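Colleague: make a model of this:
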Amino acid sequence: MKPVVFSGHFGWLHPAAGDRGVVICNPMGHEAMWLHAAMRELAERISARGVSVLRFDYLGTGDSTDLAGALRPDAWVDEVLEAVHYLKRVTGVERISLAGFRYGATVAALASQLTEVDSLALLAPVVSTRLFLREMGVLHQAWRHTAGFGEGEAVTPPGARDILGHRFNADVLDTLGTLDLRKEATPHVKRVLLAHSGPRDPSYALGAHYEANGIEVASIAFDNYAQVMQPPWMTELPESVLSATTDWLSDGVMAPLRAPEVSIDSNPAIVTSGAIEYPSQIAQGRVFGMLCEPAVRRTSPEQTPIVLIANTAATHHVGDGRFGVELGRQLAEQGFASLRVDTAGLGDCAGAPQLCVPGHTVMEEMGADLSKAVDWVAARGYRNIVVFGICAGAYSALQAAQQNRNVRGVVLVNPVSLKLPEGCTMQAAAELQTGSPRAHLRSMVRANKWAQVLRGDVRLGPVIRTMWQHGVAQMQGMVGEWTDDALGGGSTPSHQVRRLFKRLDADGVHIRLLFSPRDHSLDELYMHFGVNGRRLKRLSRARTLIFPSMDHEVLDRVAREQVVTMCQTFLREAFLSGPSADVRPPVTASPGGLAGASHAAHASHSGIGANKDSTVERETSMPVSVSMPTRARNSI
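Modeller: Sure, this is the predicted structure:
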């Protein structure tokens, strides 16, 4: 597959030698994140059968250029037509099919009314947008409740509507709410494939509507639909749907009639108002990175801080709610560089097979891949390298800092853990999470909770285990504080975490820990470093901040602004405020081109318990909570 840029859109071309082409249309909002692996796998399988495939991001989504306002899904049909024209132009094929999951299937059906299309593959299509938008709204409100946001806390500009981190034009959504494919004009298409998500799926009625208008309709069952429509770390590939769709779209493919009319730019770039971005395959394609550099360079790479943005669990490099893109481009506007990373088996990395269940990715392997990306940017001349991660990405960032001496700072947002067993996967890490002692203590003073215990609705066993585990860790921490962790031989997880943080601090690594007030990771911080993380005060470069308005995935718009501002301030203070004598020397990596730098050998911090005497003794004040101003109205 090859990265392409056209009319402000970023996409991937999967070229083949046959006489046909397929354009895959993205779903809407968070479903595009959830179905990214399925769409990429579908493209790979179809192209392997001799059919060229183009998948791309709509404007204002994914890696494509930004919009001046909120997202307008009503413009996506015209953007699909642009993609059809582009695919014909660069490959020379004339017969084009459209395919899509969910709302992407709806866009494909609407686009086929405006241009001649060979066939349509509609996989669990949104037939009635009224029901679809209602479901999106319910899911968003459920997320807000889980995140602890109260009624009236949301601050959304007039004319906009937020759904799980994505901001849409409210008027456009209201207009789309009247759409029903069963009442639309007949597509200019010979045949349609429909994948039905269940026995009551409205797609059955849509198929009857198409057949009544003379279109050949084939139907398949979307067997594991409920398992597929999950967050990326929980999802699985729809194997039966992918196989059947591939067979159907590649049936009767013939050898090419003529050569492509134009060549494809081998080094495409995405140009925005403040940044230039370059898609890059790293470590022979094992790792993918979107390098984002300031449009106007103010300093050399050696003087420019760069932030590597890790995958949030199995979400591809764009980030949940597109936060990875927003963070990278806002940093570029302030003169900082960034690299949005996909580790092996995730997102758009080319050199590793996609996992059927992305949540089976091993956490240490993600950290090792991030370390490869660190070497790659170091080979390009960057010295002030910071690794940023949310949830599982935060743990991977910590692993990369432990392994690679080129890392000069980490920003860890709601880390899934600070210490996991060897070989632990994403899904296993989620299962290891214990309850919150703070939440249990609050519940103990509520009569309704005790009533639930008496009825048998709530079991006390897990609560007692959580309180015991944290109580033991607190006692061990007190002993460790008295003895400077000299007892125990570093055998407990808390000992090992504290030793690691001491080593990083002694080596000049800046550490920023960011937490949501109700996040379980804050309890783990207290377990390892005492209440309010008091033992971190001994580390001169470690700071902990609590953002009252932040949710776990940082989907809330106000929280995003706070995190971006914190990152910008941190980079200035840590790396641009003047020379620092205690910064560890970087390890020189072999220079490499855009397609992948050589992986240089690097020193490691893996000896967590070594050199205890080198611990920095200077104490500084550690802010444990950030009092943010009242939520301001955001601009669209």
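
Colleague: low-confidence ranges, the stretch 251-400 of the chain, go.
Modeller: 255-262, 352-353 (pLDDT under 70).

Colleague: now do the buried residues in stretch 69-86.
Modeller: Across stretch 69-86, burial judged by 16 or more other CB atoms under 10 Å covers 70-74, 76-77, 79-80, 82-84, 86. Any C-beta I mention is one placed from the backbone N, CA and C, and that applies to glycine too.

Colleague: let me see the domain layout of the chain.
Modeller: 2-250, 278-434+488-578 (automatic domain parsing).

Colleague: please produce CSV containing those, extended by distance to S266.
Modeller: Output for these, formatted as CSV (distance: least, CB to CB, whole Å):
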stretch, distance to S266
domain 2-250, 8
domain 278-434+488-578, 11
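
Colleague: just the ones you listed: most buried one?
Modeller: domain 278-434+488-578 (a mean of 22; mean count of other CB atoms under 10 Å).

Colleague: who touches the residue most central in space within the chain in this structure?
Modeller: Compute the mean C-alpha point of the chain, and by CA atoms, centre = their mean the closest residue is G319, 2.8 Å away. G319 sits next to 309, 312, 325-327, 340, 390 when contact means CB atoms under 8 Å, 6 or more residues apart in numbering.

Colleague: kindly report the same for R167.
Modeller: Residues counted as contacts of R167 (CB under 8 Å, 6+ apart) are 70-71, 156, 160-161, 557, 636.

Colleague: cutoff 10 Å now
Modeller: By CB atoms under 10 Å, 6 or more residues apart in numbering, R167 lies in contact with 29, 60, 67, 69-71, 156-157, 160-161, 321-322, 557, 634, 636.

Colleague: please report the distance of it from D174.
Modeller: In this view, R167 and D174 are 15 Å apart by CB to CB, to the nearest Å.

Colleague: swap in V271?
Modeller: 33 Å.

Colleague: next one: S112
Modeller: 25 Å.

Colleague: now A124: closest residue in space, sequence neighbours ignored.
Modeller: What sits nearest to A124 in space, not counting adjacent residues and going by CB to CB, 6 or more residues apart in numbering, is S197, at 4.3 Å.

Colleague: surely that neighbour and P125 touch.
Modeller: Yes - using CB atoms under 10 Å, S197 makes contact with P125 at a distance of 9.1 Å.

Colleague: name the residues contacting each of these two.
Modeller: By CB under 10 Å, 6+ apart, the residues touching both S197 and P125 are 102, 203.

Colleague: element containing the nearest residue to G285 once chain neighbours are set aside, please.
Modeller: Spatially, and ignoring its direct neighbours in sequence, G285 is nearest to G351 (2.7 Å; CB to CB, 6+ apart). Using DSSP states H and E, G351 sits within no helix or strand.

Colleague: who's in contact with G351?
Modeller: 281-288, 344-345, 596.

Colleague: and with 7 Å instead?
Modeller: G351 makes contact with 284-286 under the criterion CB atoms under 7 Å, 6 or more residues apart in numbering.

Colleague: and for D320?
Modeller: Contacts of D320 (CB under 7 Å, 6+ apart): 33, 165, 312, 553, 555.

Colleague: who's the closest spatial neighbour of it, skipping the chain neighbours?
Modeller: Nearest one to D320, counting by CB to CB, 6+ apart, is E553 at 4.7 Å.

Colleague: quick one, phi/psi of the one you found?
Modeller: Backbone torsions for E553, taken as degrees, to the nearest 10, come to phi -90, psi 0.

Colleague: how near is it to A313?
Modeller: 9 Å.

Colleague: any shared contact partners between those two?
Modeller: Counting by CB under 7 Å, 6+ apart, the contacts common to E553 and A313 are C391.

Colleague: low pLDDT regions in this structure?
Modeller: Scanning the chain for pLDDT under 70 picks out 150-154, 255-262, 352-353, 433-490, 578-636.

Colleague: what's the burial count for P268?
Modeller: 16 (other CB atoms under 10 Å).

Colleague: is it true that it touches V5?
Modeller: Yes - look at P268 against V5 with CB atoms under 7 Å: they come within range, at 4.2 Å.

Colleague: show me what the helix or strand in which A244 is found is packed up against.
Modeller: Using DSSP H and E, A244 sits in helix 239-250. Judged by 3 or more CB pairs under 7 Å, 6 or more residues apart in numbering; DSSP states H and E, the packing partners of helix 239-250 are helix 36-48, strand 95-101, strand 117-123, strand 189-196, strand 216-221.

Colleague: switch these over to a markdown table; also include distance to A147.
Modeller: Below are these laid out as a markdown table (distance: least, CB to CB, whole Å):
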| stretch | distance to A147 |
| --- | --- |
| helix 36-48 | 23 |
| strand 95-101 | 26 |
| strand 117-123 | 30 |
| strand 189-196 | 32 |
| strand 216-221 | 35 |
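
Colleague: nearest to S549, of those?
Modeller: Within the helices and strands packed on helix 239-250, the stretch nearest S549 is helix 36-48; the backing value is 27.9 Å (CB to CB).

Colleague: centre of the chain to whichever helix or strand comes after that closest one, how far?
Modeller: Following helix 36-48 in sequence order, the next helix or strand is strand 52-56 (DSSP H and E). Relative to its parent chain, strand 52-56 has a centroid offset of 21 Å by CA atoms, centre = their mean, to the nearest Å.

Colleague: M28: what secondary structure?
Modeller: Here M28 is recorded as coil under DSSP: H, G, I helix; E, B strand; the rest coil.

Colleague: wait, isn't it in contact with P73?
Modeller: Yes - applying CB under 7 Å, one finds M28 in contact with P73, separated by 6.1 Å.

Colleague: contacting residues around the closest residue to T245 other than its chain neighbours?
Modeller: Excluding the flanking residues, the one nearest T245 by CB to CB, 6+ apart is A121, at 5.3 Å. Residues in contact with A121 (CB under 7 Å, 6+ apart) are 97, 99, 193, 245, 248-249.
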